[in-house]
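1. Following is a predicted model, sequence given first.
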Amino acid sequence: MDESAHTRTEPGTFLLAIGTKKGLWLATSVDRRNWSLSDPHFLMNEIPSIGIDTRGGRTRILVGVRSEHWGPTVAHSDDLGQTWIEPEQGAIRFGADDGAALSRVWQIQPDSVGQPDVVWAGCEPISVWKSTDGGEHFELNRGLWEHPHRPDWGAGYGGAAAHSIAVSAEDPDTVHVAMSTGGVYRSTDGGSTWQPRNTGISAYFLPDPSPEFGQCVHKIARDAGTSGRLYAQNHHGVYRTDDNGDTWMSIADGLPSDFGFVMLAHPRRGGTAWVIPLKADGERIPPDGDLAVHRSDDAGETWTRLDKGLPHGEYNAVLRDAAAVDTAEPVGVYFGTRGGEVYASDDEGAAFTEIASHLPDVLCVRVAVLP
Amino acid sequence: MTPATSGLDPPDIEVILPRALTAEADGQRRLRVSCDRAVTVRHLLAEIATRYPLLGRRLLDETGQLRRFVNLYVDGEDVRRSSGLETPIGLGQQVQIIQSVAGG
C-alpha cells in the first residue's frame, strides 16, 4: 500500500472509496493488487454511505456525511475528491410540514444505466428519497413516508433506517427497499405505492414469527443475471426469492452461521452471491474468530468458504455496507472491518490481500472502474 | 434585523462561532447582527441561516431544533437552562456557540 499517494485518474483505474467512522479514504489501483491510498477526506466525520456513479462517462462520488455535532449532509465530487460540493440548502432535507429531521444517510444508490440522472437514497428516519439530477437534490418518496405501516416500523440497533435500495435494470418501475426493522417492501409503479414482501422470512424475535412485515432484514441484493431473483441477509436467516419477493426460501444451509450483515450479488452472472457470516446476534464476531467470506455459485444451494489471505483471530464485524463488488472480469470483492482493515480480491474471493489497515471502523465500501 | 460583518455598535448582537464553523461563515469567527430591538435566539439563528444557509443547517435541524451537541450561550448563560430558543437576547449582548465535548 502506497499511502498518501495521488489518486490515479486514468480510464480503467479501479477506485475504491472507504467510508469510516472518522472520514473517507480513496484508494486507486490499475491492477487491483497495488493500491494507492489518499489522505482522509471529511476527517472526524462519519461516512456511512457512498455512491460512485460512472454512468454517462462521468465519475461522480456521492457521500453521506455525518458529524456528531453538526448533523448529516450529502456532498459530491466530480474530480475524484479534489473538491467537494455541498448544496447550500442540503441535498436531502425534510420539509417544514414533515415533522422530521434527517439523522443519517444510510444508502446512496445510482439507478440503472437506463435512468442516467436518477439516484436513490435511503435514510434514517426510515425514508426513501429520489434525485433526478444526479444526486444534487432529492425528493422525499411520499408513498413510503405516508405508508400506513409506518407507526409499526421499529428501530434496529443502529437506528431506524431504509438501508437497502435494489433497482431493476429490466423494469425501471420495480424497486425493492429494505428497512430495519420493517422488512422488504416492493414498488412496481416507480415508488408511488409500496407493499411488504416478506413471506417466508422469519421474525423469530416477535410473538408471531411470520408477520406480514416487521422482519429485521440487514441487506438485500438483486441477482443481475436472473429475472425476479434477490438475496437477503437477515438478523438470523439468509434467503432467496425467485419471484421478486413474493415468497422467500432459506439458503442458509452450508453456512457456518445464518447471522451477518453483508449480501453481495454478481453484477452479471446469475446465481453468484457472497455473504460474510458472523457467529450470532449475541456474538457478533466471525465464527471461531476466523474471518471468511462465503460464495455461492448456485443461488445459495451450496456455499464455498473463502479465507485465503484473511486473518485468523479476527474479532471485528463487517457491517452491511462495508462490502462491494466491482464489474471487472473476474469480479473483484472488497470489504472492510470495524477494526479498520480493508481486504480486496481480484478473483471473486478466491484470495484476498489486505490493502489498508488501522483505519477507523469501516462503515461503507464502494468500488468502480473509472470510465 | 440585519447581519453585519463589521462595526460593533452597542445595539448590535455579537455572535462568536466555534473555529470548526468559520468556513460556513466566509471565514469569520465573529458575526455582528444589527437589531433595533431585543430578539430571541430563534430569531437570531433564523437571521444567521438566511445569510449563511450552510451555517444554519449545522446549528439547527429541519424541525428548527438546536442540534443536540450544539450549545449556545447568551452572555455566558446556557440557553438550555433558560428558555431554549425562546431565550431573549438583549441589545448589546454576546452570543457564543460552542460544540459539546462529545464523540470518541
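-> All right, it came through fine.
2. Tell me which residues touch A:A232, please.
-> A:178, A:184, A:201, A:217-220, A:238-241, A:248, A:263 (C-beta atoms under 8 Å, 6 or more residues apart in numbering or on different chains). Every residue, glycine included, has its C-beta placed from N, CA and C.
3. mind listing which of those are in strands?
-> A:A178, A:V184, A:V217, A:H218, A:K219, A:I220, A:V238, A:Y239, A:R240, A:T241 (DSSP state E).
4. Spit out the contact partners of the last one.
-> Applying C-beta under 8 Å, 6+ apart, one finds that A:T241 lies in contact with A:R197, A:G200, A:G228, A:R229, A:L230, A:A232, A:T247, A:W248, A:M249.
5. again, but for the third one
-> The contact partners of A:V217, taken as C-beta under 8 Å, 6+ apart, are A:S164, A:A178, A:M179, A:S180, A:G183, A:V184, A:N198, A:I201, A:A232, A:Q233, A:N234, A:H235.
6. if we go to 10 Å?
-> If you count contacts by C-beta atoms under 10 Å, 6 or more residues apart in numbering or on different chains, A:V217 has them with A:156, A:163-164, A:177-185, A:198, A:201, A:203, A:232-235, A:237, A:239, A:248, A:263, A:320.
7. Report the contact partners of A:E314.
-> A:I285, A:P286, A:G289, A:D290, A:L291, A:A292, A:T337, A:G339, A:E341.
8. Please read off the pLDDT at the closest residue to the third one other than its chain neighbours from the model.
-> Spelled out, it's A:G289. Counting by C-beta to C-beta, 6 or more residues apart in numbering or on different chains, A:G289 lies nearest to A:G313, which is 5.2 Å off, once chain neighbours are set aside. Reported pLDDT at A:G313 in the predicted model: 94.
9. Make TSV from the ones in strands among the contacts of A:A232 and add pLDDT to it.
-> Converted to TSV, those look like this (pLDDT from 0 to 100):
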residue	pLDDT
A:A178	98
A:V184	98
A:V217	96
A:H218	97
A:K219	98
A:I220	98
A:V238	98
A:Y239	98
A:R240	98
A:T241	98
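10. Considering those, which possesses the most neighbours?
-> Taking other C-beta atoms under 10 Å in any protein chain shown as the neighbour criterion, A:A178 ranks highest of the ones in strands among the contacts of A:A232 with 32 neighbours.
11. Can you verify my assumption that that one contacts A:I220?
-> Yes: here A:A178 reaches A:I220: they are 4.5 Å apart, a contact under C-beta atoms under 10 Å.
12. hey, what's in contact with both of those two?
-> Residues touching both A:A178 and A:I220 (C-beta under 10 Å, 6+ apart): A:H163, A:S164, A:I165, A:A166, A:V184, A:L230, A:A232, A:Q233, A:N234, A:G245, A:M263, A:R320.
13. from those residues, which is closest to chain B?
-> A:H163 (20.7 Å; C-beta to the nearest C-beta).
14. residues contacting A:M179?
-> Residues near A:M179 by C-beta under 10 Å, 6+ apart: A:106, A:122, A:124, A:126-128, A:144, A:149, A:153-154, A:156, A:160-164, A:185, A:213, A:215-217.
15. run the last query once more with 6 Å
-> A:I126, A:A162 (C-beta atoms under 6 Å, 6 or more residues apart in numbering or on different chains).
16. Repeat that for A:L319.
-> A:L319 neighbours (C-beta under 6 Å, 6+ apart): A:F261, A:L363.
17. Repeat the analysis, applying 8 Å as the threshold.
-> Here A:L319 is in contact with A:F261, A:V262, A:R338, A:D361, A:V362, A:L363, A:C364 (C-beta under 8 Å, 6+ apart).
18. Based on its surroundings, how many neighbours for the third one?
-> Read it as A:R338. 18.
19. Would you check that it makes contact with A:A317?
-> Yes: at 5.2 Å, A:R338 counts as touching A:A317 under the criterion of C-beta atoms under 8 Å.
20. residues from chain A in reach of chain B?
-> Residues of chain A found near chain B (C-beta under 8 Å from any C-beta of the partner chain) are A:44, A:67-71, A:73, A:86, A:88-90, A:93-96, A:98-102.
21. of those, buried ones?
-> Burial by neighbour count, 16 or more other C-beta atoms under 10 Å in any protein chain shown: within these this picks out A:67-71, A:73, A:86, A:90, A:93-94, A:100-102.
22. Could you pull out the strands in the stretch 1-150 of chain A for me?
-> Ranges of strands within the stretch 1-150 of chain A are A:2-3, A:14-20, A:23-29, A:36-37, A:46-53, A:60-67, A:71-77, A:104-110, A:119-124, A:127-131, A:139-140, based on DSSP state E, counting those that start in this stretch.
23. comparing the ones you listed, which gets the lowest mean pLDDT score?
-> Across these, the lowest-scoring stretch is strand A:2-3, with a mean of 49.
24. Pick out the residue nearest the middle of chain A.
-> A:D321 (3.6 Å; C-alpha atoms, centre = their mean).
25. residues touching the closest residue to that residue other than its chain neighbours, list them.
-> Once flanking residues are discounted, A:D321 sits nearest to A:C364: 4.3 Å by C-beta to C-beta, 6+ apart. The contact partners of A:C364, by C-beta under 8 Å, 6+ apart, come to A:A17, A:I18, A:G19, A:I47, A:P48, A:S49, A:I50, A:L319, A:D321, A:A322.
26. separation between A:C364 and A:A27?
-> In this view, A:C364 and A:A27 are 13 Å apart by C-beta to C-beta, to the nearest Å.
27. overlap in contacts of those two?
-> Common contacts of A:C364 and A:A27, defined by C-beta under 8 Å, 6+ apart, comprise A:A17, A:I18.
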